[in-house]
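Asker: fold the stuff below for me.
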Amino acid sequence: MYKITSKEFLLRQPSYPEVAETAPAYLEIANGLLSRTFKTEFAGKIPEGLLKRICLTLTDYLQDIVADGGLWRSFVDANMMLYGWKVPFHEVCENYVDYELNREDVRFLVWYVTVMLSEEHRYLYPLDKQLLEFADICFDTLEEVYEDAPEPEDWHLARGLEFNDPQDHKAIYELGNWLFLHSYLLTPAFALTLQEIISSVNPQDPDAHKKINELLEEAMIENTTGPLALFTPEWVYLMIERKFPTDKGSVQPTEIHKFYKKFTEYTGGESIKFFGSYEDMNRFFIEALGWAEGEEHLSQAKGAHDYVLMVTPYKGMLMARDIARCIKAPQNPLYDATYASDHAFTLLTDRGLCPGDLLHRIFEENWLPDAKFPDSEVPEDDNLRLVSKYKDFIARCYLQLYYRGD
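Answerer: Alright, predicted model coming up:
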């Protein structure tokens, strides 16, 4: 029988290393979830550490909504502002109550933690039968204790804070730090980036710990996180102001990029081109862009099956390799429906495969009709419809900065 220790529970609490009065009660709830679920079919497919993490996540979600801490509320609000729905993948029932305990919330969180923290189950279908059965047991367990659960005062995360009050700046920074590094909702999406950071530092380096901390400080400023791939200040602002911040200081470029001009002049206005070989693309560089004759331009890209070039007015040109067969654009002779059926979904999930600007264009033009979760037991039409509706969310969740960054 598995058991969540006090240390495992406390490490991600807002008051750590202090122990809140309500901590023992919620540790008992977390272990109650564990004892009710560890023999389920779904739990049998995942390692002990992941099962514990799911139970801890759901316990923290419970604390958040009991205290009205604001993190889950900010996620629901952001979904409504961005998409017009409350929880991804689930049509909420008439019994759904905003910012309180809901079956749909629990189902989503079980999927989110699983796919973000498990390489084996990274492409798990959100409506997988065993997943839903597991999540419903979790919901029933939480519902039994919800009305009597004590209010955890250390989860009053953003209460009383004002974004523009200098006296609150320290508390706001500490809130952002905790959200980014320890909170139940944001940290699963950062797991892959965290692995990259840790692996970039030589563990034999005597300053390894210091270097990792420095990289995490940079990441907290420069990286997105959480299921919506928001930057930490955006999450904090949502929690305090209940809206997205507006960047009034950003300056949009006004000069059209030279590559855009040459590209579209040569193509008669088209801003995207598909090539079946490196040689064809290189010839385009020479003839359309005026690059030097007789040279192999961007030769590091040689060896791919196909290529896509796209230009935007102010950013210039981008290139992608080995994805043209997935893109059902009218001007793309390389599109292959059979290949796309097996591979199109990776454009939404595999970081670095498809540049963000190109993926946005693909979404806008509905050029990815074959994208689906790789689950053969799901009716294909249902799978395709789910991905089509939630494709932007899926891309945000899996790709993070690779989708939202410039």
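
Asker: use CA for all of it now, contacts and neighbours both
Answerer: Will do.

Asker: report the contact partners of the residue nearest to residue 64 when sequence neighbours are not counted.
Answerer: Among residues not flanking residue 64 along the chain, residue 155 sits closest, at 6.1 Å (Cα to Cα, 6 or more residues apart in numbering). Applying Cα atoms under 8 Å, 6 or more residues apart in numbering, we find residue 155 in contact with 14, 63, 64, 67, 68, 69.

Asker: switch the cut-off to 7 Å
Answerer: Taking Cα atoms under 7 Å, 6 or more residues apart in numbering, we find residue 155 in contact with 14, 63, 64, 67, 69.

Asker: put the buried members of these into a PyMOL selection.
Answerer: What follows is the PyMOL syntax selecting those of the contacts of residue 155 that are buried according to 16 or more other Cα atoms under 10 Å:
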select buried, resi 14+63+64+67+69
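
Asker: turn the contacts of residue 155 into a markdown table, columns for distance to residue 48, pLDDT and secondary structure.
Answerer: What follows is those, written out as a markdown table (distance: Cα to Cα, whole Å; pLDDT from 0 to 100; DSSP: H, G, I helix; E, B strand; the rest coil):
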| residue | distance to residue 48 | pLDDT | secondary structure |
| --- | --- | --- | --- |
| 14 | 24 | 96 | coil |
| 63 | 23 | 98 | helix |
| 64 | 24 | 98 | helix |
| 67 | 29 | 97 | helix |
| 69 | 28 | 96 | coil |
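
Asker: right, and out of the contacts of residue 155, which lies closest to residue 342?
Answerer: residue 64 (39.3 Å; Cα to Cα).

Asker: buried set for stretch 32-40?
Answerer: 32, 33, 34, 37, 38.

Asker: stretch 47-59 too?
Answerer: 51, 52, 53, 54, 55, 56, 57, 58, 59.

Asker: with pLDDT and secondary structure as extra columns, can I get the residues you listed in CSV?
Answerer: Output for these, formatted as CSV (pLDDT from 0 to 100; DSSP: H, G, I helix; E, B strand; the rest coil):
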residue, pLDDT, secondary structure
51, 98, helix
52, 98, helix
53, 98, helix
54, 98, helix
55, 98, helix
56, 98, helix
57, 98, helix
58, 98, helix
59, 98, helix
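
Asker: could you list the single helix or strand in the chain with the lowest mean pLDDT?
Answerer: helix 208-222 (a mean of 87; mean pLDDT, DSSP states H and E).

Asker: so how far is it off the chain centroid?
Answerer: 20 Å (Cα atoms, centre = their mean, to the nearest Å).

Asker: list the helices and strands it packs on?
Answerer: Of the remaining helices and strands, those touching helix 208-222 by 3 or more Cα pairs under 7 Å, 6 or more residues apart in numbering; DSSP states H and E are helix 187-199.

Asker: between the contacts of residue 155, which is closest to residue 104?
Answerer: residue 64 (16.0 Å).

Asker: residues in contact with the closest one?
Answerer: 70, 71, 72, 155.

Asker: what about the strands in the stretch 301-406 of the chain?
Answerer: 307-312, 316-321 (DSSP state E, counting those that start in this stretch).

Asker: select, out of the ones you listed, the one closest to residue 140.
Answerer: Across the strands of the stretch 301-406 of the chain, closest to residue 140 is strand 316-321 (Cα to Cα), at 46.5 Å.

Asker: strands paired with the closest one, and their directions?
Answerer: strand 307-312 (antiparallel) (DSSP bridges).

Asker: what's the distance between the partner strand and the middle of its chain?
Answerer: With Cα atoms, centre = their mean, you get 25 Å for strand 307-312.

Asker: and the average pLDDT for that strand is what?
Answerer: Average pLDDT, strand 307-312: 97.

Asker: kindly report the same for stretch 86-101.
Answerer: pLDDT averaged over stretch 86-101 gives 94.

Asker: how about stretch 268-288?
Answerer: 97.

Asker: just put the buried residues of stretch 47-59 in JSON lines and tack on distance to residue 175.
Answerer: As requested, the buried residues of stretch 47-59 are exported to JSON lines (distance: Cα to Cα, whole Å):
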{"residue": "51", "distance to residue 175": "27"}
{"residue": "52", "distance to residue 175": "25"}
{"residue": "53", "distance to residue 175": "21"}
{"residue": "54", "distance to residue 175": "22"}
{"residue": "55", "distance to residue 175": "23"}
{"residue": "56", "distance to residue 175": "20"}
{"residue": "57", "distance to residue 175": "18"}
{"residue": "58", "distance to residue 175": "20"}
{"residue": "59", "distance to residue 175": "19"}
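
Asker: quick one: residue 356 and residue 400 touch, right?
Answerer: No - checked against Cα atoms under 7 Å, the pair residue 356 and residue 400 is beyond contact range at 9.8 Å.

Asker: ok, for residue 177, nearest residue in space, not its chain neighbours?
Answerer: Closest to residue 177 by Cα to Cα, 6+ apart is residue 220, at 7.4 Å.

Asker: okay, that neighbour and residue 168: tell me how far apart.
Answerer: Here the distance between residue 220 and residue 168 works out to 19 Å (Cα to Cα, to the nearest Å).

Asker: not counting stretch 196-209 itself, show me its contacts.
Answerer: 212, 215.

Asker: so, low pLDDT: which residues of this structure?
Answerer: 1, 247-252, 406 (pLDDT under 70).

Asker: can you give me the helices for the stretch 51-200 of the chain?
Answerer: Using DSSP state H, counting those that start in this stretch, the helices found in the stretch 51-200 of the chain span residues 71-82, 103-117, 129-146, 169-182, 187-199.

Asker: contacts for the third one next, please.
Answerer: Contacts of helix 129-146 from elsewhere in the structure, counted by Cα under 7 Å, 6+ apart, are 33, 37, 40, 41, 42, 103, 106, 107, 110.

Asker: just the buried positions in it, please.
Answerer: Quick answer for helix 129-146 (16+ other Cα under 10 Å): 131-139, 141-143, 146.

Asker: follow-up on the earlier one: most neighbours among the contacts of residue 64, please name it.
Answerer: Greatest neighbour count in the contacts of residue 64, by other Cα atoms under 10 Å, goes to residue 71: 27 neighbours.

Asker: so the residue nearest to it when sequence neighbours are not counted: helix, strand or coil?
Answerer: What sits nearest to residue 71 in space, not counting adjacent residues and going by Cα to Cα, 6+ apart, is residue 239, at 6.3 Å. Following DSSP: H, G, I helix; E, B strand; the rest coil, the label given to residue 239 is helix.
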